[in-house]
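Colleague: I'll drop the sequence and a predicted model, then ask my questions.
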Amino acid sequence: MAGRQLKKINVISFLVALVVGVILGTVVQTQLNLLALQAMGVAVELDARVSATVHDLASFAPLYLILFGVSFLVSQSVAAVVSKFVGRGLRVPLFALAGAVGLWAALMIVNALAPMPTLIAATRSAGGLLAILATAAFAGALFARLTAKSFAGVSVRASNAVLACCLTAGLGSMPGPVQAQSSGDYTVETVTSGLEHPWSLAFLPDGGALVTERAGRLRRISADWELGQEPISGVPPVFDDAQAGLFDVLLSQDFEADQAVFLAYACGTASANHLCVARGQLQGMALTGVVEIFRAKPAKRGSAHYGGRMAWLPDGTLIVTLGDGFDYREQAQDLSSHLGKIVRLNPDGSAPADNPFVRRDDALPEIYSYGHRNVQGLVYDSVEGLLIAHEHGPRGGDEINIIEPGRNYGWPVITHGIDYTGAMITPFVEREGMEQPLLHWTPSIAPSGMTRYRGELFPGWQGNLLVGALADESVHRVTLDGRQASDTETMFEELGERIRDVATGPDGGVYLLTDNADGRILRIVP
């Protein structure tokens, strides 16, 4: 009877310490995220601070309960065994150390497995990581205090109960499915297959096309859509890992005369990499005279958020989109960094003399606009003279914007999305001096390639944006009327494919690239 009572006390003590650890960890990570905003000069009033904290206790805490709960159960069980061999005076420090080490190990494992470099944004810095670990240490010390008598370990039944609670809370916080619709007045044809994660499609003037594969290969497609057996040689070395790889391919505006091809790609190593742009001449199945014309600064670690789309402006300048590097989101507001920017270049990579920040000593001259997260959709519409881009939000907050020189598009100070963990990135969705999106998707569709349809085969789509979606496995048709945008139709969801690129072909058909290991080029015709 006494042993049963002791086990009951230990289980209750464990649950109390676990709840305290989850609450403390959640509150601390919220304050760390708000401190990052304040470091950029953003004032966070008390009501916004309280609102963000309450939000995270409801949205972030369930996921954190799973992560911390499992690590805490294991670490405290190990500490209980070790405590039998140490003096009573070392018991509290031992359980505190175990709590911190257990959470640290869990974070390292999750960061290694998750697609993003750092799952919990508050732990990106050493100071933030130590602050979160301190909350786990406090929970461990509390557990040791509450179980002052000899601890034999949490029972298997109690362990299962804790894990079940964690999983139930976490699954309950996951977003539900998004409903879609389709017009069905089209035919889908597979014109080319056998591509490995194709990323971008560029039509050649004499027929056929060039296609990039994320792994670093440039492929040539013949006029009858046959895939060349060998990739085009001469492509510069590409850093291929997770989201990193070979991105956009763009022909020169005078391609028939100069045969120039521009490539955007990740370059460098896992610990120091960049978004790079190179130019070369296409000679049959080879790129010759390849030279790097742009390299984003500074170098970053991790393999996420590069941007990588390109487009020409009528004046012959080149627009290149960039990402914030995921762990470096605050640099999107820093004009001394290329991260989280759209840049405008001359074809040789130099900065045009009329770029908006070219005369500022505290700004990089290539910057055209800033405050972006990860811009992977870009089109210049010559009919209306608009440069249109979309960017990935986190969990929600994907945006479509009209890009104008010198404008601040807000990330990460304003966003309609929250972090993948459920944590609030910022309590603000608008702020003076920052542009509002024409349209945002919440929950996220993970937008990819984009075209503004100006073909003749689909009169009903004339002037519409066709936006590929990765997570949503579809294409969204967006109507534009001045500065008003509306997501009017979700198409091609019956394919069940991640759509990486969308392009209008010279024949007026719509071409899609499917993002998988056996990727295809699909042609959409009436």
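Modeller: It's in. Residues are numbered from 1 along each chain as shown.
Colleague: Which residues belonging to the longest helix seen in the chain are considered buried?
Modeller: In the chain, with assignment by DSSP state H, the single longest helix is helix 2-39. Residues of helix 2-39 classed as buried: 7, 10-11, 13-15, 17-18, 21-34, 36-37 (neighbour count, 16 or more other C-beta atoms under 10 Å). Any C-beta I mention is one placed from the backbone N, CA and C, and that applies to glycine too.
Colleague: Any stretches of the stretch 101-250 of the chain with poor pLDDT?
Modeller: 149-184 (pLDDT under 70).
Colleague: which residue ranges form the helices in it?
Modeller: Shown for the stretch 101-250 of the chain, the helices assigned by DSSP state H, counting those that start in this stretch span residues 126-146, 156-172.
Colleague: Output the below-cut-off pLDDT ranges for this protein.
Modeller: For the chain (pLDDT under 70), the answer is 1-9, 149-184.
Colleague: How is it partitioned into domains?
Modeller: 2-172, 187-525 (automatic domain parsing).
Colleague: contacting residues for residue 447?
Modeller: 376, 377, 390, 391, 392, 398, 441, 467, 468, 469, 470, 476 (C-beta atoms under 8 Å, 6 or more residues apart in numbering).
Colleague: for the stretch 401-526 of the chain, what spans make up the helices?
Modeller: Counting by DSSP H, counting those that start in this stretch, the stretch 401-526 of the chain contains no helices.
Colleague: That one: strands as residue ranges?
Modeller: Assigned by DSSP state E, counting those that start in this stretch, the strands in the stretch 401-526 of the chain fall at 439-441, 447-452, 465-469, 474-481, 484-491, 499-504, 510-514, 519-525.
Colleague: Pick the most buried one from those strands.
Modeller: strand 465-469 (a mean of 27; mean count of other C-beta atoms under 10 Å).
Colleague: Which elements pack onto that one?
Modeller: Counting contacts by 3 or more C-beta pairs under 8 Å, 6 or more residues apart in numbering; DSSP states H and E, strand 465-469 packs against strand 375-381, strand 447-452, strand 474-481, strand 499-504, strand 510-514.
Colleague: Switch these over to JSON lines; also include distance to residue 116.
Modeller: JSON lines is the format used below for those (distance: least, C-beta to C-beta, whole Å):
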{"stretch": "strand 375-381", "distance to residue 116": "15"}
{"stretch": "strand 447-452", "distance to residue 116": "17"}
{"stretch": "strand 474-481", "distance to residue 116": "23"}
{"stretch": "strand 499-504", "distance to residue 116": "19"}
{"stretch": "strand 510-514", "distance to residue 116": "23"}
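Colleague: Which one, of those strands, ends up nearest to residue 422?
Modeller: Closest to residue 422 of the helices and strands packed on strand 465-469, according to C-beta to C-beta: strand 447-452, at 21.4 Å.
Colleague: residues contacting the closest residue to residue 197 other than its chain neighbours?
Modeller: Nearest residue to residue 197 in three dimensions, chain neighbours excluded: residue 214, at 4.2 Å (C-beta to C-beta, 6 or more residues apart in numbering). The neighbours of residue 214, taking C-beta under 8 Å, 6+ apart as the test, are 196, 197, 198, 199, 240, 245, 246, 247.
Colleague: Export those to TSV and append columns for neighbour count and distance to residue 74.
Modeller: Listed next are the contacts of residue 214 as TSV, based on neighbours: other C-beta atoms under 10 Å; distance: C-beta to C-beta, whole Å:
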residue	neighbour count	distance to residue 74
196	13	39
197	21	37
198	25	43
199	27	41
240	17	35
245	22	36
246	26	41
247	26	41
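Colleague: Just to be sure, which of those are found in strands?
Modeller: Secondary structure from DSSP state E places 198, 199, 246, 247 of the contacts of residue 214 in strands.
Colleague: host element of the closest residue to residue 382 other than its chain neighbours?
Modeller: Using C-beta to C-beta, 6+ apart and skipping residues adjacent in sequence, the residue nearest residue 382 is residue 314, 6.8 Å away. Remark: residue 314 resides in no helix or strand, with elements defined by DSSP states H and E.
Colleague: which residues sit in contact with residue 314?
Modeller: 380, 382, 385.
Colleague: repeat that with 10 Å
Modeller: By C-beta atoms under 10 Å, 6 or more residues apart in numbering, the contact list for residue 314 reads 253, 380, 382, 385.
Colleague: of those residues, closest to residue 50?
Modeller: Nearest to residue 50 among those, with distances taken as C-beta to C-beta, is residue 380, at 44.0 Å.
Colleague: Let me know how buried that closest one is, in neighbour terms.
Modeller: Per other C-beta atoms under 10 Å, the neighbour tally for residue 380 reads 17.
Colleague: Next: the one 10 residues further on.
Modeller: As a burial measure, residue 390 scores 32 neighbours (other C-beta under 10 Å).
Colleague: Test my guess that residue 329 contacts residue 417.
Modeller: No: at 11.7 Å, residue 329 does not count as touching residue 417 under the criterion of C-beta atoms under 10 Å.
Colleague: can you map out the strands along the stretch 251-400 of the chain?
Modeller: 260-268, 273-283, 286-295, 307-312, 318-322, 341-345, 367-370, 375-381, 386-391, 398-402.
Colleague: Give me the helices and strands touching the shortest one, please.
Modeller: The reference is to strand 367-370. strand 318-322, strand 341-345, strand 386-391 (3 or more C-beta pairs under 10 Å, 6 or more residues apart in numbering; DSSP states H and E).
Colleague: buried sites along the longest one?
Modeller: It stands for strand 386-391. Those would be 387, 388, 389, 390, 391, for strand 386-391 by 16+ other C-beta under 10 Å.
Colleague: do you know how far the closest residue to residue 56 other than its chain neighbours is from residue 426?
Modeller: Of all residues not flanking residue 56 in the chain, residue 30 sits nearest, at 4.6 Å (C-beta to C-beta, 6+ apart). Residue 30 is 11 Å from residue 426, where distance means C-beta to C-beta, to the nearest Å.
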